[in-house]
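# Build me a structure from this.
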Amino acid sequence: VRKMKDYLSGLTRTDTVQSEEIRARHQDGSWRIFEIVATNRLDDPAVQGIVINARDVTSRKNVETALARHMEQLGDLIDDRTRELAEANELLQWEISQRVQTEKVLQESEQRFRGLVETTSDWIWEVDKNWIYTYSSPKSKELLGYAPDEIIGKTPYDFMHPDEAKRTASIVRPITEHHAPLLRLENTYRHKDGQEVALETSGVPIIDPSGECHGYRGIDRDITEQKRVKRTLKEREQRYGQLLAAVTTYAYSVQIQNGLAVATEHGQGCRSVTGYSPEDFAADPNLWIRMVHLDDRPPVHQHAAQII
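So this is what the prediction gives:
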């Protein structure tokens, strides 16, 4: 009510243009959301009324709501997976630090490490300086279809399409030459059944006390579903744009005589937007106000009377 009051109170001056969104009942009984743009043309001899453009924005509003909900879900998913990776990396770093202690501590650490990697949801691996796998956690079987003994002795590129292998190697090579950490590298492996699996790879160099690098130790997590969600979101955004382009707009005017609305003129677009034909509006000058939601009618009547 306050919204409509403010909206109509702004039309008291000639040539004033006001825009607002209101709810109106369609002929089929459903409520639609309309974007109303009204212009005061009472002093224009050719019009002598209020010129109103109404655009059905119901679909756009529904799409915006759905898009916001999916964006929130995607954000939650990304946050959860990022947090899991951070926690796994912290545990991994702690396990790595234990390797420099005594043989007894080393053995205990290896036992804890193996217990961790065999139960974690991500794939833990080690490679030598030639990027040949020297260790693979059992997760490789679930993730790629290959058991650890099928992974060990091969390189990551043996499980990639040649083009993907070339692309990934061009990224990894300068990083490993400087013994730098490998952070969240996205790459695509081929599952044993032929399907593509999108992975996010992070790793740290294995450096001995003399400073020599013997390879890398790291973790891969499956981001196939995350990338699918992103693609789905992009497709929905494209459909949202198409829906916006298809929203129907039409114009209508109200003729005023002696302070009363005596007739309305509607374009042909009114049929697809409201369900009523121009003839329906011509036969009943008050049809336009009956379409307005009951809660929105009093301020419409009140301020229309003030303008007239």
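
# The least confident helix or strand in the chain by mean pLDDT: what's the following helix or strand?
The weakest-scoring helix or strand in the chain, judged by mean pLDDT, DSSP states H and E, is helix 2-9 (a mean of 60). Counting by DSSP states H and E, the element after helix 2-9 in chain order, helix or strand, is strand 17-25.

# Following element in sequence after that following strand, please.
Along the chain past strand 17-25, the next helix or strand (assigned with DSSP H and E) turns out to be strand 31-41.

# quick check: mean pLDDT across that next one?
Averaging pLDDT along strand 31-41 yields 80.

# now swap in stretch 233-248 and tell me
Per-residue pLDDT values over stretch 233-248 give a mean of 63.

# Give me the secondary structure label for the residue sitting nearest the centre point of the chain.
Centroid check for the chain by CA atoms, centre = their mean gives Met71 as the closest residue, at 3.6 Å. Secondary structure assignment for Met71 (DSSP: H, G, I helix; E, B strand; the rest coil): helix.

# isn't Ser19 right next to Glu35, touching?
Yes: distance between Ser19 and Glu35: 6.9 Å, which falls inside the contact criterion (CB atoms under 8 Å). For the C-beta atoms, the positions are set from N, CA and C on the backbone; glycine is no exception.

# When these two are compared, which one has more neighbours?
Under the neighbour definition other CB atoms under 10 Å, Ser19 and Glu35 were set side by side, and Glu35 has more, 17 against 11.

# in the sheet, who's paired with that one?
Partner residues in beta bridges with Glu35, using DSSP bridges, are Glu21, Arg55.

# quick one: contacts for it?
Shown here is Glu35, whose contacts under the criterion CB atoms under 8 Å, 6 or more residues apart in numbering are 19-21, 54-55, 57.

# try 10 Å this time
Contacts for Glu35 (CB atoms under 10 Å, 6 or more residues apart in numbering) come out as 19-22, 53-57, 60-61, 247, 249.

# where does this protein dip in pLDDT?
Applying pLDDT under 70 to the predicted model, the residue ranges of the chain that meet it are 1-18, 98-102, 113-119, 240-251, 259, 261, 267-269, 307-308.

# Recalculate using a threshold of 90.
When the per-residue scores of the chain are filtered using pLDDT under 90, the ranges that remain are 1-122, 209, 211, 225-308.

# where along it do the strands fall?
Under the criterion DSSP state E, strands of the chain are mapped to 17-25, 31-41, 49-56, 123-128, 133-136, 182-190, 196-207, 213-222, 249-257, 260-266.

# mind putting those in JSON lines, distance to Arg83 included?
Putting these into JSON lines (distance: least, CB to CB, whole Å) gives the following:
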{"stretch": "strand 17-25", "distance to Arg83": "39"}
{"stretch": "strand 31-41", "distance to Arg83": "38"}
{"stretch": "strand 49-56", "distance to Arg83": "42"}
{"stretch": "strand 123-128", "distance to Arg83": "18"}
{"stretch": "strand 133-136", "distance to Arg83": "25"}
{"stretch": "strand 182-190", "distance to Arg83": "14"}
{"stretch": "strand 196-207", "distance to Arg83": "14"}
{"stretch": "strand 213-222", "distance to Arg83": "12"}
{"stretch": "strand 249-257", "distance to Arg83": "46"}
{"stretch": "strand 260-266", "distance to Arg83": "56"}
